[in-house]
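Undergrad: What follows is a predicted structure for the sequence shown.
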Amino acid sequence: MKVSEVPQCPKKLLVTDQTKTSISLGWEKPEYDGGSRVLQYLLEVQLKGQEKWNAVNTFKIMEATVSNLNPGEEYLFRVTAINDKGKSDPRVMSGPGVEYEYRVYAENIVGIGRCSKVSEGCVARDPCDPPGQPEPIHVTKDTIVIQWTKPEYDGGSNITGYTVEKRDLPEGRWVRANFTNVIETQFTVTSLTENAQYDFRVIAKNAVGTVSKPSYNSGPITASDKPPSSSKTL
């Protein structure tokens, strides 16, 4: 006679990928299945600060993606193994802010060498969106004032500043234009050359240190006291 019992809880519930509205999770099978094959896994989610757990779905594989989450909210997840005798204890973990360590091996035709020292812990963060495209709001022969809009999504943490980059056209490289933190969504670029053309872009940074991708380029802006010429015909 085969004696069965409920399985042990699954192992290592981890975040494998995330976006601003979804989180992908993976887990490992229990150390012991209770003497009866695990039939499925129940994944549940809890909004941080609340008590109620809500079922996401049951899965026969050891991975799942939870969609339609609210940007900026924090969630807890747990997964339970189920066999024909019942449910295991749940394996609980938090959704975002997971820390990873890395090490590297060198390999040649002889084999694999010793691993490197383990890196410092790196925390997986939800990326913030880039700021809006910068636009000129005031131009003189040696200054250009640009403004932009905040990122649509801040990565779950407040935006703490911006980096403004400029390049000389047509073939200049990108260099930093600000040397102190820019808090507002506006910046005055000074010490420009009269009648020279410049291109600008902006990068956002949030409170946990996540840096966005650059905004769209402003496009050519000429440092000049003269108003832009009109292409209209009479």
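TA: Perfect, I can see it now. Numbers count the residues shown, from 1 in each chain.
Undergrad: Low-confidence regions, the protein specifically.
TA: Along the chain, the parts satisfying pLDDT under 70 run over 1-3, 94-96, 98-101, 119-126, 228-234.
Undergrad: The residue nearest the centre of the chain in helix, strand or coil?
TA: Nearest to the mean C-alpha position of the chain, counting by CA atoms, centre = their mean, stands P127 at 2.1 Å. Following DSSP: H, G, I helix; E, B strand; the rest coil, the label given to P127 is coil.
Undergrad: Surely it and S157 touch.
TA: No: look at P127 against S157 with CB atoms under 8 Å: they stay out of range, at 11.0 Å. Heads up, the C-betas are built off the backbone N, CA and C, glycines and all.
Undergrad: related to what we said a few turns ago, please report how far the residue nearest to the centre of the chain lies from E44.
TA: Applying CB to CB, to the nearest Å, the value for P127 to E44 is 26 Å.
Undergrad: So which bits of stretch 46-53 are buried?
TA: 46, 53 (16 or more other CB atoms under 10 Å).
Undergrad: next structured bit after the strand or helix carrying L13?
TA: Using DSSP states H and E, L13 maps to strand 11-18. Downstream of strand 11-18, the next assigned helix or strand under DSSP H and E is strand 23-28.
Undergrad: Can you tell me the strand partners of that following strand and which way each runs?
TA: Paired strands of strand 23-28, with direction, are strand 11-18 (antiparallel), strand 63-66 (antiparallel) (DSSP bridges).
Undergrad: and of those strands, who's closest to P134?
TA: Smallest distance to P134 across these (CB to CB): 28.6 Å, for strand 11-18.
Undergrad: Report the distance from the closest one to the chain centre.
TA: 15 Å (CA atoms, centre = their mean, to the nearest Å).
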